[in-house]
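Peer 1: Structure for this input, please:
(chains A and B)
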There are 2 protein chains.
Amino acid sequence: MTDNTEKKVIPAKDASIKLASINTLLKNKGLEAMAEALDQNRNSIQEANRKDLEAAEQLKDQGEISQALVDRLKVNDSKIDGMIAGIKDVMELEDPTGKTLSCLELDDGLELYQVSCPIGLIGVIFESRPDVVPQIMSLCLKSGNATIFKGGSEALNSNRTIFNILKNALEETGDIPATAFQLMETREEVMDILALDSYIDLLIPRGSNAFVKFIQDNTRIPVLGHADGICHVYVDNEADMEKAIDVCYDSKVQYPAVCNAMETLLVNSDITGKFLLGMIEKFVKAGVEIRLDEKAYTIAEDAGIKDVKKASDEDWSTEYNDLILSVKTVDSIGEAIDHINRYGSHHTDCIVTKNKDKRRTFADLVDSSSVMVNASTRFADGFRYGKGAEVGISTNKIHARGPVGMEGLLIYKYILLGNGDRVSDYAGDNAKQFTHRKLDKQISDII
Amino acid sequence: MTDNTEKKVIPAKDASIKLASINTLLKNKGLEAMAEALDQNRNSIQEANRKDLEAAEQLKDQGEISQALVDRLKVNDSKIDGMIAGIKDVMELEDPTGKTLSCLELDDGLELYQVSCPIGLIGVIFESRPDVVPQIMSLCLKSGNATIFKGGSEALNSNRTIFNILKNALEETGDIPATAFQLMETREEVMDILALDSYIDLLIPRGSNAFVKFIQDNTRIPVLGHADGICHVYVDNEADMEKAIDVCYDSKVQYPAVCNAMETLLVNSDITGKFLLGMIEKFVKAGVEIRLDEKAYTIAEDAGIKDVKKASDEDWSTEYNDLILSVKTVDSIGEAIDHINRYGSHHTDCIVTKNKDKRRTFADLVDSSSVMVNASTRFADGFRYGKGAEVGISTNKIHARGPVGMEGLLIYKYILLGNGDRVSDYAGDNAKQFTHRKLDKQISDII
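Peer 2: Below is the predicted model of the structure:
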């Protein structure tokens, strides 16, 4: 651990204990102070952001970064409005900590409470978007988690200014252990963070696939997120053709740059004539580059459709994040499911069918965090799933899966309330028996 | 991956998909077949076990393994009865998969179901106890998880025989994809398992602290379990003295070899006379070696108590798993909490007090999977917590914490049922609004 890391991580871990016990009123007071501070410091935020933008424009001119990245970096008044609105949304969310998840009587006067609590210390490593800082800081504060932030170097000035404004606002409330929130700025510190599995309980990476993959491959800290989003739509021979076209078009075209957009269309070979040819023409009109498997290519060729390419094996494992689509014909729902489980990224996959048995089979056997039945893959998102704010979309098989809101920042502890109880009374001859009776009691009514 | 691993892991992963969709009736039929097969093959199990026992006795004579390990290895008729009873207990447990955890209407006719499902492929690596095989296989079958087992070399013959009996029984039912269950036998295969993070979703190690630590340090697969169990009891100055003695004695003496036994007693310095001296005498009578901090040592010396030692700094981080206890005086509940969070293993810690504010403070600020209030640390256990069967005790901060039953083998997927729905209708001008209305519906009634 570098000196700098030690000066930030250990205080954050220590403060995480205190932060976990701050009540809702104080947390909301902190959130309000954060929102106000952003509003009152618009000028200094935009000034800092201008420095980052100037440097980014130079890098862009040298061809080192894209215009899209420069755009994401920009913080204008309306972006600050968005940050403030986001913090106020989190104020409105119910405090998720201290909830009694279950209560079990072990015996008369011996009661076991399972109570939700924060995870502890979260590490957030993100690329250039400065709006990650207020968003994650507000979610972590509301859920009682301490947080280490590390942003991209392109946004150094913006991140530092926003972070300091928010942290000072929390400090000034006097009630919140503001050392729970720390900002890292150097590359060495990232490698430090990844090695700190005895301090940091969960990592949330925000950035490109390669960036997330690098983090997953270089740490033993649990990582909440996903590297790839290779999403499929399977159009069954018993699909409603109009709905199939709507779902496929939306899944690909509505916003192709994101993880929940369709990358591969699987079509039952019975409906290549009825569905596929028309679908291809609609996609081509929308500027989508189409890459077809052998069978589909021959059919398209025979029908006189031009502007299509042949797919290679590599296409089945490629996330384009662009107006490109691979298309494969399959002979059965089983072949579609096998393809999805083999080549997909267990993110979001869809079936279009009217057949009830098939939708059940698909939902049972497709091993993905979201399974869509007659609905666009693009719905897989924290906001649309009603979570208020999204921590990320997880393809993990433990803890939290799919679009994750504040619930992904929580765990629980067991609290056993007794009266001098001994295990020895429940062992050996004449052992007392446990009652194991569910109770409808809340820990907040007791302690 | 070695050839051998490839022949086992890939088929298990493939079978995990099918296993996830087997219904409860078939799973229970499989469990019944497993129980019957154990009953009908008692002789061959005990014959195989005799080979392991003979080899173990030789190793013991050479001083390489302990009598305790030989005892744990032994499979007699009553142990087989226990295995059968365990399988039958799992038959009685409710099938935890396919449960609707939440249902949210996103809009009219667009419904989001969060449905429990198996995690996928679990790796179980254990030391010499052969009864782990039927216990974990039954829990994994009931929860729909495929499983790779790797047992200790001391139990090679017993594990292989029991595993084959159980797997054959499943195969003979004709309904269960028995390739979902695989046994590894060599050391090389363990290293293979640890590297297979793209196939194996969760590891459950069962064995010594060093064994669990080795696994945690050598894999990127999530590990469910705990290495250390350094548990504390803090006796407050406002404790009921009789209850304090009961709780402390039970926490240390009832079964000292296990992870939830007390290793360090923290005593408020106001009650060294009233409580500590008597407590020490009771422990010394029970054969407990007592290691006291400076202050307590002086007090004990002044009171003429002999047979006590001085604690060194190392004692605060030591799990004895034996009749040894370190004792520290503290001036306040705050000092006790700081000591526990610093030196403890976040497993199970206890306060004895009559003061309501203090029990709340302790429950809030002690960062442990189980917090006991006026009850022995020894209660922290799956059976006592009413879980029926215990997968392990976890000190993880994500997924599952504390004593973990079958719920630790589950995750969920989202299933969105639509009718040709497009995200484009919910974006831009005249965007439709989401209703985000909670529904009391079950996916099993729909598909």
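Peer 1: Next up, the contacts around the closest residue to chain B within the stretch 201-350 of chain A.
Peer 2: Going by Cβ to the nearest Cβ, chain B is nearest to A:Lys243 of the stretch 201-350 of chain A, at 3.0 Å. The C-beta positions use only the backbone N, C-alpha and C, and glycine is treated the same way. By Cβ atoms under 8 Å, 6 or more residues apart in numbering or on different chains, A:Lys243 lies in contact with A:Val352, A:Asn374, B:Asn419, B:Gly420.
Peer 1: quick one: what helix or strand has it in it?
Peer 2: Using DSSP states H and E, A:Lys243 falls within helix A:241-253.
Peer 1: Ok, A:Glu319 next?
Peer 2: Using DSSP H and E, A:Glu319 maps to neither a helix nor a strand.
Peer 1: I'd say it and A:Asn209 touch.
Peer 2: Yes - contact status for A:Glu319 versus A:Asn209: in contact at 6.7 Å, counting by Cβ atoms under 8 Å.
Peer 1: and those two? which has more neighbours close in?
Peer 2: Comparing A:Glu319 with A:Asn209 by neighbour count (other Cβ atoms under 10 Å in any protein chain shown), the higher total belongs to A:Glu319, at 18 against 15.
Peer 1: Could I get the contacting residues of the more buried one?
Peer 2: Counted by Cβ under 8 Å, 6+ apart, A:Glu319 has contacts A:Asn209, A:Asp228, A:Gly229, A:Ile230, A:Cys259, A:Glu263, A:Ser345.
Peer 1: repeat for A:Ser44
Peer 2: A:Thr161, A:Ile165.
Peer 1: Could you look up the SS state of it?
Peer 2: Of the three states, A:Ser44 takes helix under DSSP: H, G, I helix; E, B strand; the rest coil.
Peer 1: how far away is it from A:Ala244?
Peer 2: Noted for A:Ser44: a distance of 52 Å to A:Ala244, by Cβ to Cβ, to the nearest Å.
Peer 1: and what of A:Asp293?
Peer 2: Applying Cβ to Cβ, one obtains 18 Å for the distance of A:Asp293 from A:Ala244.
Peer 1: repeat for A:Gln216
Peer 2: A:Gln216 is 35 Å from A:Ala244, by Cβ to Cβ.
Peer 1: And the two? Which one has more around it.
Peer 2: Regarding A:Gln216 and A:Ala244, a neighbour count based on other Cβ under 10 Å identifies A:Ala244 as having more, with 26 against 19.
Peer 1: OK, contacts around the more buried one?
Peer 2: Counting by Cβ under 8 Å, 6+ apart, the residues that A:Ala244 touches are A:Val235, A:Phe275, A:Met279, A:Val352, B:Gly420.
Peer 1: Pull up the residues of the stretch 151-300 of chain A that are close to chain B.
Peer 2: The stretch 151-300 of chain A comes close to chain B at residues A:201-202, A:216-217, A:220, A:222, A:240, A:242-244, A:246-247, A:249-250, A:254-255, as judged by Cβ under 8 Å from any Cβ of the partner chain.
Peer 1: hmm, I was thinking of the stretch 1-150 of chain A
Peer 2: A:Ile17, A:Lys18, A:Ala20, A:Ser21, A:Leu104, A:Leu106, A:Leu110, A:Leu112, A:Val115, A:Ile119, A:Gly120.
Peer 1: Need the residues you listed in TSV (columns: pLDDT).
Peer 2: Formatted as TSV, these follow (pLDDT from 0 to 100):
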residue	pLDDT
A:Ile17	96
A:Lys18	95
A:Ala20	95
A:Ser21	94
A:Leu104	97
A:Leu106	98
A:Leu110	98
A:Leu112	98
A:Val115	98
A:Ile119	98
A:Gly120	98
